Each structure stands twice: as structure tokens, then as C-alpha cells.
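Chemist: From the sequence below, what's the structure:
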Amino acid sequence: MGTRRVAGNVALVLAALLVALLGAELACRLFVAAGWSRPSLRGRIAPELPYAARLVRSDDPKLYIENDPAGPEVNRDGFRGPDVAREKPPGTFRIIVLGDSVTFGLGVPTEETFTARLGASLAAKRSPNDPRYEVLNFGVSGYGTAQEIHLLEVKGLAYHPDLVLLVYIVNDPLGPELLALSLREVAELERRPLNVAAHHSELLGLVLDRIGLLRQTGRTEATYDAAYRNPQAWAGVTDGLAELARLGREHDFRVAVVVFPLLYDFAHYPCARYHEQVRDAVARVGVPFLDLRFELPLREATGYRLNVLDDTHPNARGHADAAVAIERFLRESGALAPRAAGPPSPGT
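Modeler: You can find the predicted model right below:
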């Protein structure tokens, strides 16, 4: 009799637990359907994002990968946006924006990227005496500073830029080879049984998202700390900045650098020391510098994320706010001013 009673009680507890879990699952799905909650990643760590270029191996070993010109989202020369003639029309001020997947605008439509918004805003505010502004998006997913500067040398200079804007991300000391490695690691993690089970459960997906968030900051700091302490990796950044400044002097274009922060709470930002290290390196080559961490109005920057675990790629709101801050910076720094007659000054 006692054993039956215990078994009955256990069955009741399990039944109640099952009902509670089913109720929680239903509530999670209703909240998502009503727009009161962001959907979970359903066990995925880095889901495939829309508006992405197809990447192919490059014939140039220094680049390693390139955008596929035959793929989506890019023009015939492999850069995001409409086709542009290499020969610059008279009366045109051409801006080339170098960067990685953030500059490319992974996850957002072309017209919502900060490069497109910057171009549209400059055109809308153009006075009769201003040049015609063109903003060319040379962002390639996975690139670091070394690849971005080399891309400028082998392809970008043919477009005769008046200004080259380097958009720096904290992961830039890490080369594109790391992209392939990280994608393999993500694929292995997503094959874990709990992650597979979460494909069918919003509740389990939310739990795994929360666990991922708790681990994320510490993992981020450990990854980047090793990169910024690695002399070879950091030399790729400093040598690239020096080469960019030299190219500006040689080819008579202005240079500016913008740091796009990772998307955390800026009041407790885990990567501040890396931003300071970049700021000091930029100061040594003497070009204007903007740290968007101090300019983006949404201080709890997780609200700029494409999804809950993506601490790198901004959504459309993030691109819009970045475009406003970058335009203000370019105007105030004089980067958009007409070139003075005579030889260019160092670092401009």
C-alpha cells in the first residue's frame, strides 16, 4: 500500500510538472507571437543571417577570402551596393569604407546599412556648392585590418577615393582564417543533444540563450585578450594603420578611423581597454578617430543586436544611429572639406 501511494504521488508530481512545462512552453510561444518577447535561437548559436554575401577563396593569399561577385548582395566587382564606375565623375567626392561583416551590413538590407544611410544623408543635405558624394561599401566578412588595407591597395585605389574610412571592430586583429575555424566550432556545439532538442521548444531555447549570455562576456574577454597580447596579431593592426596613412599621403586622400563597439552595456563594457589600445595606435599615425561607444545613444547596446547572442552585428537601428554619429564626426573633423591646393599634409 505504501509503495503504491509513493508511486502515485510521484506520478502526480510528474504529471503536474509536465503540465507546468507545457503551459510555460505555450506562454513562451504566445509572447513571441504577440511581439512581447524576442524569439529564442532554438538552440542555434550563430544562425544563418539574411543579406549575406557568398564568400569564396581568393586567388590572393593575403586576402584569403573574397565576396563572390556572382553571389547575392554584391555588385560585379564584389562589393555591396550598385555597380559603380571606377573612373570617378567630375565634381564627385568619393568615400571608400573598409571593414568586415559589420561594415558589409550582415543581416540588414543594403539601404539600411550605415554606409547607405550615410550616402543618402550627405546627398539630402548637399548644398549647390558641395560635391556629389558617393559612399562605397568595401566590407568583407571575416576581414581584419591587414586584409582591409591590402584590399584597398589591390582594388580600392582604382576607384580614386577622396576619403577612406576604416571601420574597426574589436576582433580585427584576428584574421579571416579564424572565421572558418569558429564556424566549425559553432557547428559542433549546435549538434549537442540539448541544442537539437531546442529546435522544437521555445522554452528550452530561451533557457539555452540565457546560459549563453551568462558565458558570453567572460569568453569574449578571454578570446580578445589573447589576440591583443599577441605581437604578431597586433602588428597586423599597427602596420595596417601606418600603411593606410602612407597611402593617403601618396594618393592624396583623407583617412579617418571609426571603432564600432561590441554590443554590450556600455556602462560595464568588457572591451574598453582594447578600444584604448586602438585609439593610441591611431593617434600615432595622426588621423581622426571616433569611438562609437561614446556616441551611440542606446547605452544598453544589447538592444542593437540582431539576435540575443550576436554581440557583433548591429540591427537596422544600430546602423541608423551609427550613420548619424559618423556623419557628424566626418563634418566636425574636416574629413569632408575640399582638398587644399598643394601637397597633402601627413596623416590627412
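Chemist: contacts, neighbours, all on C-alpha from now
Modeler: Will do.
Chemist: The residue lying closest to R293 once chain neighbours are set aside and L136, how far apart?
Modeler: In this structure, R293 finds its nearest non-sequential neighbour in P261, 5.6 Å apart by C-alpha to C-alpha, 6 or more residues apart in numbering. For P261, the distance to L136 equals 22 Å [C-alpha to C-alpha, to the nearest Å].
Chemist: before we move on, the earlier item: I'd say the residue nearest to R293 and L292 touch.
Modeler: Yes - the pair P261 / L292 is scored as a contact, 6.5 Å apart, by C-alpha atoms under 8 Å.
Chemist: show me where pLDDT drops low in the stretch 101-250 of the chain?
Modeler: 175-190, 194-198, 203-222 (pLDDT under 70).
Chemist: redo that, cut-off 90
Modeler: Filtered on pLDDT under 90, the stretch 101-250 of the chain yields the residue ranges 126-130, 142, 171, 173-233.
Chemist: where do the helices sit along it?
Modeler: 101-104, 114-124, 145-154, 177-190, 193-197, 202-229, 231-251 (DSSP state H, counting those that start in this stretch).
Chemist: Give me the buried positions along the second one.
Modeler: For helix 114-124, a neighbour-count test (16 or more other C-alpha atoms under 10 Å) marks 114-120, 122 as buried.
Chemist: could the residues you listed go into a markdown table alongside distance to D252?
Modeler: A markdown table is the format used below for the buried residues of helix 114-124 (distance: C-alpha to C-alpha, whole Å):
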| residue | distance to D252 |
| --- | --- |
| F114 | 25 |
| T115 | 22 |
| A116 | 24 |
| R117 | 26 |
| L118 | 22 |
| G119 | 21 |
| A120 | 25 |
| L122 | 22 |
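Chemist: Spatially, which two of those residues are the most separated?
Modeler: F114 and L122 (12.0 Å; C-alpha to C-alpha).
Chemist: ok, D239 to T145 distance?
Modeler: Counting by C-alpha to C-alpha, the gap from D239 to T145 is 9 Å.
Chemist: Looking at the two, which one has more neighbours?
Modeler: T145 (30 against 14; other C-alpha atoms under 10 Å).
Chemist: per-residue confidence at the nearest residue to Y64 once chain neighbours are set aside?
Modeler: Nearest residue to Y64 in three dimensions, chain neighbours excluded: S58, at 5.1 Å (C-alpha to C-alpha, 6+ apart). On pLDDT, S58 comes in at 91.
Chemist: Repeat that for the one 4 residues further on.
Modeler: As summarised for this prediction, K62 has a pLDDT of 90.
Chemist: ok but it is inside a strand, no?
Modeler: No - secondary structure of K62 (DSSP: H, G, I helix; E, B strand; the rest coil): coil, not part of a strand.
Chemist: How about it: what's its closest non-neighbour residue?
Modeler: Q147 (6.6 Å).
Chemist: Can you report how many residues lie near E66?
Modeler: Neighbours of E66 (other C-alpha under 10 Å): 22.
Chemist: cool, I169 as well?
Modeler: Neighbour tally, I169, other C-alpha under 10 Å: 24.
Chemist: measure it to D68 for me?
Modeler: For I169 relative to D68 (C-alpha to C-alpha), the value is 23 Å.
Chemist: for stretch 154-171, how far is the first residue from the last?
Modeler: 23 Å.
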